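K.L.:
Next one to model:
(2 chains)
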Amino acid sequence: MSPTASPGPGSAPGRDGDGADAIVLVVDDEPPIIRALSAALTARGYRPTIATNGEGALAAATQQTPAAIILDLGLPDIDGIEVLRRIRDWSDVPVIVLTAEGAEDRKIRALDDGADDYVTKPFSTPELLARLRVALRHRRAADPAAEPLEEPVLAVGDLRIDVPHRMVEVDGRSVDLTPKEFAFLTLLARHAGKVLTHRMILQEVWGPEYGTESEYLRVYASQLRKKLQDDPARPRLITEPGVGYRLVDRDL
Amino acid sequence: MTSKATRRLLGSGLGLALIGGAVLALLPARDSVTVATPALVLIVPGIVAGFVGGRVVGALMAMLSAVVLDVVFIEPYGRLDVHVTDDLVSLAAFIAVAVSVAALVERVNDRRRAAEQRAEEILALSEEKERFRREQERLSVEKQALERIEDARRALLRSVSHDLRTPLATIQAITSDLRDGTVYDPDTRKELLDLVGDEAERLDRLVANLLSMSRIEAGALHPDIQAVALDELVTDRAQRLARVLRDVRLDASIPPDLPLVDADYTLLDQVLTNLIENAVRHTPPGDAILVEARIAGAMVEVAVSDHGAGVPAAERAQVFEPFWRGDESRSSGLGLAICKAVVEAHGGRITVADAEDGVGARFAFTVPIHQATVEPARERTP
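P.N.:
Numbers count the residues shown, from 1 in each chain, chains lettered A, B, ... in the order given. You can find the predicted model right below:
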């Protein structure tokens, strides 16, 4: 169980400065899964620390100030979403939640309550670690000087958004977008790699009185994909069924 | 209907009798009284006939009375001598009185009948209501029973899918990681592969329990009885559970001269496995669990004890119920229910008590001692 010295450096995809050496808190009540995740994290140069229940998670989150938290929502003592909420009261540490399959509503609740991403059990470790890297990168980008809210130019792979001039380019080619399409795309680009729930997008782009009209988003997403000439097999704009949307860098 | 005809007949009879009576009573004095006396008296038959027999009978008797008055009491006697005004007035008065009385009586009677009918209807309605209430009660009891079944079914699905997914999650996490080419030192690699094996075995035990449970629920649990040596069973099971028992010591205390028992080897093995697994779940690493056996009358008692939190007295009946799970969520809620069903299918009993005073849990079950001489013809699989 002890996260002893990391193995050979050659095995660490965390080497590109994605928070390797960072403390990652793993919260799960199943010892085997904890052991598996600890080993995988250690192999990539992270320093895993462990909690097996909600109380332990809250204690570890305060005392060890992890760089990221992997939080299972089904904990024996406190509900995982409650743990997340309490952490969010004082910290914006990246949190990736683990949920059981078929619990869409829990996923959405967790994301709305401040989770950065989710992974459904049973999950693939490489995918979880990729999400972890995105979350860590995000937090670091947002870290200096308390969130520069209006970054003027956003770039996600070959997609470039010049926010003040309302200009969008894909691979150097300019793309015409309606104001709503532009706002939708800009919002996703600001959180590139991260899933945004239907509610978050609707409230941000359409206004606070919206929240359940996810059918709007389907129309706009499909128009955006057309205009961005997304490859259907490898789209930039990914639908997370029943949850929301995510804009990814196809070159990653 | 019949009563109406009877009433008419009765009314007519009474009317005729009264007219006859009046005639007989007043005839001798007809010259010494004015015509008003018989006229007044002869109103009575119409009223009475109308009262008893209804409007038609009343009118008929009133007409008859008028005719009698004219013939018998108005000169010239003995013949109907119609003085248009007098006689028509008296006829009209007779009929009007008789019919009015009859109409009043009928109205009262109608009201009474209506009231009676309404009372009957109200009674019927309240009976109907009572029936509905009882039906509703029955349905709500039925609904509650169905809801309980539905709850149990949902709990089963929840626990089974959780229990199947948990080991699968570990297996997939590790295999996807290894497939990704992550390089581990030999010790970690071995540990991860062992974890995959452990979780696969855990899945296998769960599937075995699920199969047994479905057989129990279908009433298809038929122990294949043979002579079983408990010490061999315990040793074999302890070896197979070596990985589960990694951090927990298993102390076995089985007397060497313990007789054989009559049991289905596979089912008895499942009981023991479930009890040991259950004890391990409640035992902190480094601690020990104890498996012991002793003769108790015609049975052998086997007991598995741990030093965990124990089972509160209030929950001791429930722990053997299917899908019951204690505070910890890592049991399927099947193991102990299967133990109970299997032990009882062997004619034994299973109980739980404190291992020591207020500490730990001791699950004890009984199986019959093998009766070699009683049934020598029994088939036996070695």
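K.L.:
how many neighbours does B:L245 have?
P.N.:
Residues lying near B:L245 (other Cβ atoms under 10 Å in any protein chain shown) number 20. Using the backbone N, CA and C atoms, a C-beta is placed for each residue, glycine as well.
K.L.:
So it, which state does it fall into?
P.N.:
Classification of B:L245 by DSSP: H, G, I helix; E, B strand; the rest coil places it in coil.
K.L.:
what's the helix or strand for B:P38?
P.N.:
helix B:36-41 (DSSP states H and E).
K.L.:
what's the offset of that helix from the middle of its chain?
P.N.:
Remark: helix B:36-41 is offset 77 Å from the chain centroid, using Cα atoms, centre = their mean, to the nearest Å.
K.L.:
What of stretch A:51-66?
P.N.:
20 Å.
K.L.:
So for that stretch, mean pLDDT?
P.N.:
Mean per-residue pLDDT for stretch A:51-66: 92.
K.L.:
thinking again about what came up before, any idea how far the helix or strand just after the helix holding B:P38 is from the chain center?
P.N.:
Using DSSP H and E, the helix or strand that follows helix B:36-41 towards the C-terminus is helix B:43-53. With Cα atoms, centre = their mean as the basis, helix B:43-53 stands 63 Å off its chain's centre.
K.L.:
Which secondary structure elements does helix B:43-53 sit against?
P.N.:
Packed against helix B:43-53 by the contact rule (3 or more Cβ pairs under 8 Å, 6 or more residues apart in numbering or on different chains; DSSP states H and E) you find helix B:2-26, helix B:55-68, helix B:84-179.
K.L.:
what's the most buried one of these?
P.N.:
helix B:55-68 (a mean of 22; mean count of other Cβ atoms under 10 Å in any protein chain shown).
K.L.:
Run the angle between it and helix B:84-179 for me.
P.N.:
Here the directions of helix B:55-68 and helix B:84-179 differ by 180 degrees (axes from the mean of the first three to the mean of the last three Cα atoms, to 10 degrees).
K.L.:
in the stretch 1-150 of chain A, which spans are strands?
P.N.:
Secondary structure of the stretch 1-150 of chain A (DSSP state E, counting those that start in this stretch): strands at A:23-27, A:47-51, A:68-72, A:95-100, A:117-121.
K.L.:
got the residues of the stretch 101-250 of chain A near chain B?
P.N.:
Contacts of the stretch 101-250 of chain A with chain B, taken as Cβ under 8 Å from any Cβ of the partner chain, map to A:101, A:121-128.
K.L.:
Of all pairs in the residues you listed, which one is the farthest apart?
P.N.:
Greatest spatial distance among these (Cβ to Cβ): A:E101 and A:P126, at 18.6 Å.
K.L.:
of those two, who's got more company?
P.N.:
Between A:E101 and A:P126, counted using other Cβ under 10 Å, the more crowded position is A:P126 (17 against 12).
K.L.:
nearest residue to the more buried one other than its sequence neighbours?
P.N.:
Distance criterion Cβ to Cβ, 6 or more residues apart in numbering or on different chains; nearest residue to A:P126, sequence neighbours excluded, is B:D180 at 4.4 Å.
K.L.:
correct me, but that neighbour touches A:L128?
P.N.:
No: the pair B:D180 / A:L128 is not scored as a contact, 11.0 Å apart, by Cβ atoms under 8 Å.
K.L.:
ok, these two, which is more surrounded?
P.N.:
Neighbour count, other Cβ under 10 Å: between B:D180 and A:L128, A:L128 has more, with 21 against 15.
K.L.:
who touches the closest residue in space to A:K227 that isn't next to it in sequence in this structure?
P.N.:
Among residues not flanking A:K227 along the chain, A:V175 sits closest, at 5.3 Å (Cβ to Cβ, 6+ apart). By Cβ atoms under 8 Å, 6 or more residues apart in numbering or on different chains, the residues touching A:V175 are A:168-169, A:227-228.
K.L.:
Can you spell out which residues form a bridge with A:V175?
P.N.:
A:V168 (DSSP bridges).
K.L.:
Test for you: state the pLDDT assigned to it.
P.N.:
90.
K.L.:
cool, B:L250 as well?
P.N.:
In this prediction, B:L250 has a pLDDT value of 91.
K.L.:
Am I right that it is in a helix?
P.N.:
No: under three-state DSSP, B:L250 falls outside any helix and is assigned strand.
K.L.:
Would you agree it is in contact with B:R240?
P.N.:
No: in this structure B:L250 lies outside contact range of B:R240 using Cβ under 8 Å: 11.6 Å.
K.L.:
These two: who's more crowded?
P.N.:
A direct count of neighbours by other Cβ under 10 Å for B:L250 and B:R240 places B:L250 higher, at 20 against 14.
K.L.:
Please name the nearest non-neighbouring residue to the more buried one.
P.N.:
B:A238 (5.2 Å).
K.L.:
How much space separates the one you found from B:E277?
P.N.:
Counting by Cβ to Cβ, to the nearest Å, the gap from B:A238 to B:E277 is 12 Å.
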